[in-house]
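[1] Predicted structure and sequence below. I'll ask about it afterward.
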Amino acid sequence: MSAEALLQAARDRGLRIAVAESCTGGLLAGALTMPAGASTVFDRGFVTYSNAAKVDLLGVRIQTLTDHGAVSEEVAREMAEGALARSEAEIALSITGVAGPGASARKPEGRVCFGLATEDGVTAETVEFGALGRDAVRAASVEHALRLLRQAVERTP
């Protein structure tokens, strides 16, 4: 589903979307705001590249960052929860990961965590895209996020 089709599906259901991004640096928000009329669905985006931004703008707990690191499902959940709480949206999606280069043994290049928050709760998942290169990991992350948003919209009456 294209971003345009996703936006139309959300519009048809009266839903608004917010996003919180780290490794994609605003690419998801860019994809969602590319189609004309996006403002009727897209509420806002948070680019929280640093840990301080995650804490300040989204309310991610310092302890969560210390215990699990920025690239974790725990942080992805808190990012999504924070975006939902700090927006007018009914659906919030977060992305945090290692686009590369500069991976570690614990957090390999291409590991990306996604969080999804709605009034029904928060879920998170990790996708291992692999060492595709920075641009390809970021693009794959945006595509995956659009799929997750589509699924969330379709589950909402």
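    Arrived safely, thanks for sending. Residues are numbered from 1 along each chain as shown.

[2] Now do the phi/psi pair for the residue positioned nearest the centre of the chain.
    Central residue of the chain (Cα atoms, centre = their mean): Ser94, 2.2 Å from the mean position. Backbone torsions of Ser94, given as degrees, to the nearest 10, read phi -120, psi 150.

[3] From Glu78, how far off is it?
    From Ser94 across to Glu78, the span is 8 Å (Cβ to Cβ, to the nearest Å). (Glycine included, C-beta is placed from N, CA and C.)

[4] Let me know the next secondary structure element after the one helix or strand Ala53 maps to.
    Per DSSP states H and E, Ala53 falls inside helix 51-58. Going down the chain from helix 51-58, the next helix or strand is helix 62-68, by DSSP H and E.

[5] How about the contacts made by the residue nearest to Gly82 when sequence neighbours are not counted?
    Once flanking residues are discounted, Gly82 sits nearest to Leu58: 3.1 Å by Cβ to Cβ, 6 or more residues apart in numbering. Residues in contact with Leu58 (Cβ atoms under 8 Å, 6 or more residues apart in numbering) are 20, 46, 48, 78-79, 81-83, 86.

[6] List the ones among those residues that fall in strands.
    Counting by DSSP state E, the part of the contacts of Leu58 found in strands is 20, 46.

[7] pLDDT score for the residue lying closest to Leu6 once chain neighbours are set aside?
    Distance criterion Cβ to Cβ, 6+ apart; nearest residue to Leu6, sequence neighbours excluded, is Arg150 at 5.2 Å. Note for Arg150: predicted pLDDT of 96.

[8] doesn't Ala9 make contact with Arg150?
    Yes - using Cβ atoms under 8 Å, Arg150 and Ala9 qualify as a contacting pair, with a distance of 7.0 Å.

[9] In PDB, could you pull the C-alpha coordinates for the helix holding Ala53?
    Taking Å, rounded to 0.1, in the frame of the first residue of the first chain, the C-alpha atoms of helix 51-58 are listed here in PDB:
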ATOM      1  CA  ASN A  51      18.900   9.900  23.600                       C
ATOM      2  CA  ALA A  52      18.300  13.400  25.200                       C
ATOM      3  CA  ALA A  53      15.700  14.100  22.500                       C
ATOM      4  CA  LYS A  54      14.000  10.800  23.200                       C
ATOM      5  CA  VAL A  55      13.800  11.700  26.900                       C
ATOM      6  CA  ASP A  56      12.900  15.400  26.400                       C
ATOM      7  CA  LEU A  57      10.400  15.100  23.600                       C
ATOM      8  CA  LEU A  58       8.800  11.600  24.100                       C
END
